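Q: take this sequence and fold it.
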Amino acid sequence: MSVGQPKETVVVTWTLKEKKGVIKEYHVTYVSEDDSSETKTLITKKMEAQFDLKAGKTYKFQVGQTFSKV
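A: You can find the predicted model right below:
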């Protein structure tokens, strides 16, 4: 996973080590380390997510997948 910060947004991108089926969508979640109530999940079909975050805070990101039934 990589994190970039162009201007006032944060862009999170990732790659897959292995694929175990057809991925329907990704769930990208962030949590502020300073305030655990500041949490947001974005659902996307791309391997990239963009968030508007507050300057001077530390965030943790997690990416999960939803698979289609075969």
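Q: which residues does Leu16 contact?
A: Neighbouring residues of Leu16 by Cβ atoms under 8 Å, 6 or more residues apart in numbering: Met47. For every residue, glycine as well, the C-beta is placed using N, CA and C.
Q: distance of it from Lys57?
A: 28 Å (Cβ to Cβ, to the nearest Å).
Q: just Asp35 next, same as before
A: Applying Cβ to Cβ to Asp35 and Lys57 gives a distance of 8 Å.
Q: next, the most centrally placed residue in the chain: secondary structure please.
A: Residue closest to the average C-alpha location in the chain (Cα atoms, centre = their mean): Val28, at 3.0 Å. Secondary structure, DSSP: H, G, I helix; E, B strand; the rest coil: Val28 is strand.
Q: same check on Lys57?
A: Lys57 ends up coil, using three-state DSSP.
Q: quick one, strands of the chain?
A: Taking DSSP state E as the criterion, the chain carries its strands at 2-4, 10-13, 23-32, 39-44, 48-51, 59-67.
Q: okay, those strands in a markdown table with mean pLDDT next?
A: As requested, the strands of the chain are exported to a markdown table (pLDDT from 0 to 100):
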| stretch | mean pLDDT |
| --- | --- |
| strand 2-4 | 65 |
| strand 10-13 | 87 |
| strand 23-32 | 93 |
| strand 39-44 | 93 |
| strand 48-51 | 90 |
| strand 59-67 | 90 |
